[in-house]
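> coordinates only, no sequence provided:
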């Protein structure tokens with residue numbers, strides 16, 4: 001490969017990386033707005049989240065096609081190929097996080113536009129949402145800086161999100177058993193809690209891809225302790 005071709009290839013890779021982070025920024029914005037709407041009842045925010053979903057979808061399709069073209073034309077090896085494969089996997093998870101943000105927005109519209117009897121406030125929703133959002137930010141940062149410590153921290157926090165989701169589920173079941181009139185509303189809250197838990201799962205996936213990109217190791221399906229050893233061990 002000539003020096004000119006090599007520089008052009010490096011530019012193409014850097015452009016792809018930058019656009020992944022741009023897509024990540026949009027998805028993060030969607031998630032923040034959806035959660036703000038849930039707290040405030042601002043239905044204008046929910047509309048913006050739903051409208052932005054097609055932009056996220058378009059970015060995923062465009063980036064996926066570009067990565068396929070680069071792989072076919074440049075036939076990259078080793079680290080460069082791993083980076084492109086990481087991008088393809090990462091944008092899939094980002095698109096799915098966007099879908100979860102849209103679900104939160106749609107459920108929020110139902111909750112605030114109905115006259116149904118509300119369930120008692122589920123305090124943990126806001127807390128677990130903040131943890132999941134922080135996981136997304138850390139996963140994007142890990143990708144940007146190829147930071148394995150940040151990737152490991154995301155995986156640790158995923159356990160916290162899962163535990164808090166189970167706690168919310170138990171609360172909601174109690175509310176529904178005590179007063180059947182809360183069932184519809186409680187189920188809407190449950191769908192939101194599940195969407196938040198899934199955002200955490202997708203952020204965890206993204207962190208696993210960072211380890212693959214940097215070390216060439218597939219760390220999917222490892223227990224959190226084993227993941228941390230692989231990521232930041234020797």
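In hand now; what should we look at? Quick caveat, the model's predicted, so the values are computed rather than measured.
> OK, contacts around the residue nearest to residue 53 when sequence neighbours are not counted?
Take residue 53 and drop its neighbours on the chain: the residue closest to it by CB to CB, 6 or more residues apart in numbering is residue 102, 4.8 Å away. The C-beta positions use only the backbone N, C-alpha and C, and glycine is treated the same way. For residue 102, the contact set (CB atoms under 8 Å, 6 or more residues apart in numbering) comprises 30, 34, 49-50, 53.
> same thing but at 10 Å, please
Under the criterion of CB atoms under 10 Å, 6 or more residues apart in numbering, the neighbours of residue 102 are 30-31, 34, 46, 49-53, 56, 195.
> how close does it get to residue 216?
Look at residue 102 and residue 216: by CB to CB, to the nearest Å, they are 35 Å apart.
> now residue 132
Shown here: residue 132 relative to residue 216, a distance of 28 Å by CB to CB.
> just checking, what packs against the longest helix along the chain?
With DSSP state H applied, the helix covering the greatest number of residues in the chain is identified as helix 3-40. Applying 3 or more CB pairs under 10 Å, 6 or more residues apart in numbering; DSSP states H and E, one finds that helix 3-40 makes contact with helix 43-74, helix 78-112, helix 123-145, helix 183-215.
> what comes up buried for it?
By neighbour count with 16 or more other CB atoms under 10 Å, helix 3-40 contains the buried residues 9, 12-13, 16-17, 19-20, 23-24, 26-28, 30-38.
> then stretch 51-69?
If you call a residue buried by 16+ other CB under 10 Å, then stretch 51-69 has these buried ones: 52-53, 56, 59-60, 63, 66-67.
> avg pLDDT for it?
Summarised as a single mean, pLDDT over stretch 51-69 is 96.
> same question, stretch 140-158
The model assigns stretch 140-158 a mean pLDDT of 95.
> ends of that stretch, how far apart?
Chord length of stretch 140-158, first to last residue, is 15 Å (CA to CA, to the nearest Å).
> buried set for it?
Buried-residue list, stretch 140-158, by 16+ other CB under 10 Å: 140-143, 147-148, 150-155, 157-158.
> quick check: which ranges of the chain have low pLDDT?
Low-confidence segments of the chain (pLDDT under 70): 1-4, 114-123, 234.
> SS state for residue 76?
The local conformation at residue 76, judged by DSSP: H, G, I helix; E, B strand; the rest coil, is coil.
> how about residue 217, phi and psi?
Summarising the backbone geometry of residue 217 under the convention degrees, to the nearest 10, its torsions are phi -110, psi 130.
> likewise the one 5 residues further on?
Backbone torsions of residue 222, given as degrees, to the nearest 10, read phi -80, psi 150.
> other SSEs contacting the helix or strand where residue 172 lies?
Per DSSP states H and E: residue 172 is located in helix 148-178. Packing contacts for helix 148-178, counted by 3+ CB pairs under 10 Å, 6+ apart, involve helix 123-145, helix 183-215, helix 224-232.
> just to revisit the earlier point, show me which of residue 132 and residue 216 is the more surrounded one.
Set side by side, residue 132 and residue 216 give different neighbour counts by other CB atoms under 10 Å, the larger being at residue 132 (28 against 10).
> contacts only, for the more buried one.
31, 35, 97, 100, 157-158, 160-161, 164-165, 195-203.
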